[in-house]
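A.B. asks: Predicted coordinates and the sequence they were generated for:
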Amino acid sequence: SDKADMDVEAFEDGFLASILVDEGGTAAVGSAVALLAATKDEIAAVAAAGSSSAGAAPAAPAADAAPAAPSGGSVDAPAVLMPALSSTMKEGKIVQWAVKEGDKVSAGDVVMVVESDKADMDVEAFEDGFLASILVDEGGTAAVGSAVALLAATKDEIAAVAAAGSSSAGAAPAAPAADAAPAAPSGGSVDAPAVLMPALSSTMKEGKIVQWAVKEGDKVSAGDVVMVVESDKADMD
């Protein structure tokens, strides 16, 4: 099977106020699957606001997946995407690349450090391969969901992927970022950052929630595993 389960961590501190997508349910990449409350006292208000708006507002649209291969070649080139590190993040700045072109990377390896609207965070690779082409240099910014680098499946394909990526760099616009989930449900002044469905591979359009690792009311901190998601590649925490 080409599917797998992966652990997904929280990028913000708070209390899990409302689960919007139950275990076994699916959600588009970039859409809200839960709401956080900043304090324990706000849990009930956030949960009520989330419940009242659940059927009223559509989920945020998923960013189009970055193309699996640049145009003009048959080389399989999965992309490293700029992730959404908070519910309000529209773009991220690459502070540092932890790998260089030509390096082998494995799923789980830190490939770059990104500055979001909140803090600097390590970003891991979700696929195995070789870093063929860096599309956004250190100090550059990219929209959430857009490709910042290309991977080659084998060492022999690095040159072809790099050449194809270079030729298409100015021709094709970056994938549009998903609209950030609203920071607060309509009808209330409670600050309610959302837990978003992440893109766990460059081809993932939606993910299935296999398990919630926390329950409503629990305190979560940035870095805590909050759910296990089945993507088109693997299940990740």
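C.D. replies: Received, thanks.
A.B. asks: So residue 108, which state does it fall into?
C.D. replies: coil (DSSP: H, G, I helix; E, B strand; the rest coil).
A.B. asks: neighbours of residue 154, just the number please.
C.D. replies: Around residue 154 sit 11 other residues, with neighbours defined as other Cβ atoms under 10 Å. Where C-beta positions appear, they are placed from N, C-alpha and C, glycine not excepted.
A.B. asks: Show me the residue at the heart of the protein, geometrically.
C.D. replies: Nearest to the mean C-alpha position of the chain, by Cα atoms, centre = their mean, lies residue 198 at 3.4 Å.
A.B. asks: and the gap between it and residue 124?
C.D. replies: 11 Å (Cβ to Cβ, to the nearest Å).
A.B. asks: what is in contact with these two at once?
C.D. replies: Counting by Cβ atoms under 8 Å, 6 or more residues apart in numbering, residue 198 and residue 124 have no common neighbour.
A.B. asks: correct me, but residue 224 touches residue 11?
C.D. replies: No. Residue 224 lies out of contact with residue 11 (Cβ atoms under 8 Å); the separation is 10.0 Å.
A.B. asks: follow-up on the earlier one: give me phi/psi at the residue nearest to the centre of the chain?
C.D. replies: phi -80, psi 160 (degrees, to the nearest 10).
A.B. asks: Next, the contact list for it, please.
C.D. replies: Residues near residue 198 by Cβ under 8 Å, 6+ apart: 8, 29, 83, 84, 207, 229.
A.B. asks: And for residue 23, the neighbour number?
C.D. replies: 12.
A.B. asks: same deal with the one 10 residues further on?
C.D. replies: Applying other Cβ under 10 Å, we find 26 other residues in the vicinity of residue 33.
A.B. asks: how much space between the spatially closest residue to residue 221 that is not a sequence neighbour and residue 132?
C.D. replies: Of all residues not flanking residue 221 in the chain, residue 13 sits nearest, at 5.1 Å (Cβ to Cβ, 6 or more residues apart in numbering). Distance of residue 13 to residue 132, computed by Cβ to Cβ: 36 Å.
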